[in-house]
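Undergrad: quick one, structure for this:
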Amino acid sequence: MQFKTLCSIRGLCVVLFLSLLFISQAKAAVPEVIQLWKGTPPAPNMDLPAEIDTTKPGDNLVAGKRVMRTGNVSVPTLTVYRPSAEKANGTSVVICPGGGHYILAWDLEGTEVAEWLNELGATAFVLKYRVPSRDRQGRRWISAVQDAQRAISMVRSNAEKWQLNPQRIGVLGFSAGGETAALAGMLKERQYEQRDDMDAISHLPNFNVLIYPGGLTNPDRTGLPAHVEVTPDTPPTFMAHAFDDGVPVEGCLFLMQALKREGVASELHIYSEGGHGYGLRETQTPVTTWHHRCADWMRAQGWLKQ
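TA: Below is the predicted model of the structure:
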């Protein structure tokens, strides 16, 4: 009788332990969401309805799957995706989803990309920057870049807490998010007045990844925009674009020319077809394998070393 009772107690303890372990692992799997700004973000701003997924039932699918299109973002955040302990290498990447500075392709060019980076051992931070654009003086990118600069400083200032290398911080962007990422790497001046001690820490990334980026040609398509300045200090950059993309592929060509001229070792892949807005979702079109080339580049550059 005592033996049976002891076995029952032991069995109950095992069940309880496994239940607690499952709960703790489930909690650990929930990404942390951090608000970027204390109080109102820097100007320009606008009054908007509540944040919403704008995707309608009849909207286009990508690789047969729905896309979450997040609109009316007034409260910028960073969502933290951490790799497993055995894969973690100290590199981090701030991800800027695209969406024409009108919405954010949240899963296609955000959370799915974070999961891929985690597999490479990098900690990923999906940036929910302000959309639609608070355009002033032709700068449709201004609020997005402010949020990206703040995000990079936040990651660098918390490097020790998150067990990251503060000199291995990248920024990866798609389409309008590619424009945001490019400018975050090239605009040496912070695009807002310092708010706190965090803003005293560098907002410049150590490397850039630009996938079908927009906003990189002047109105005549004869060169980079006037506000884009490439110097020897511009971070090394990986770019991928399709020749038949409606967003001008010339932007990547002009940027690559400028990077070459300044001696910034970078990599550009132009595919003959593939269009725009495929994210990481692989199809039969070779352009959708860009992330394998990107991983090779990151590895060769040393960003994926343990």
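Undergrad: can you give me the strands in the stretch 101-250 of the chain?
TA: In the stretch 101-250 of the chain, the segments counted as strands under DSSP state E, counting those that start in this stretch are 104-105, 123-128, 169-174, 207-211, 237-242.
Undergrad: out of those, nearest to residue 261?
TA: Residue 261 lies closest to strand 237-242 among the strands of the stretch 101-250 of the chain, at 13.4 Å (C-beta to C-beta). Where you see a C-beta, it was placed from the backbone N, CA and C, and this is true even at glycine.
Undergrad: re the thing from before, hey, which of the strands of the stretch 101-250 of the chain is tucked in deepest?
TA: Of all the strands of the stretch 101-250 of the chain, strand 169-174 has the most neighbours on average by mean count of other C-beta atoms under 10 Å, namely a mean of 30.
Undergrad: so which residues of the stretch 101-250 of the chain form helices?
TA: 112-119, 142-157, 176-186, 250-261 (DSSP state H, counting those that start in this stretch).
Undergrad: which of the ones you listed sits most buried?
TA: Most buried among these, given mean count of other C-beta under 10 Å as the contact rule, is helix 176-186, at a mean of 29.
Undergrad: and stretch 159-175, C-alpha only, in PDB?
TA: Output in PDB follows, covering the C-alpha atoms of stretch 159-175 (Å, rounded to 0.1, in the frame of the first residue of the first chain):
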ATOM      1  CA  ALA A 159      23.700  44.700 -25.900                       C
ATOM      2  CA  GLU A 160      25.000  43.400 -22.600                       C
ATOM      3  CA  LYS A 161      21.500  42.600 -21.300                       C
ATOM      4  CA  TRP A 162      20.600  40.700 -24.500                       C
ATOM      5  CA  GLN A 163      24.100  39.100 -24.800                       C
ATOM      6  CA  LEU A 164      24.800  40.800 -28.200                       C
ATOM      7  CA  ASN A 165      27.900  42.200 -29.800                       C
ATOM      8  CA  PRO A 166      27.400  46.000 -30.100                       C
ATOM      9  CA  GLN A 167      29.700  46.000 -33.200                       C
ATOM     10  CA  ARG A 168      27.600  43.300 -35.000                       C
ATOM     11  CA  ILE A 169      24.300  45.100 -35.500                       C
ATOM     12  CA  GLY A 170      22.700  45.000 -38.900                       C
ATOM     13  CA  VAL A 171      19.500  46.400 -40.400                       C
ATOM     14  CA  LEU A 172      17.500  44.600 -43.100                       C
ATOM     15  CA  GLY A 173      14.700  46.200 -45.100                       C
ATOM     16  CA  PHE A 174      12.300  45.400 -47.900                       C
ATOM     17  CA  SER A 175      10.900  47.900 -50.400                       C
END
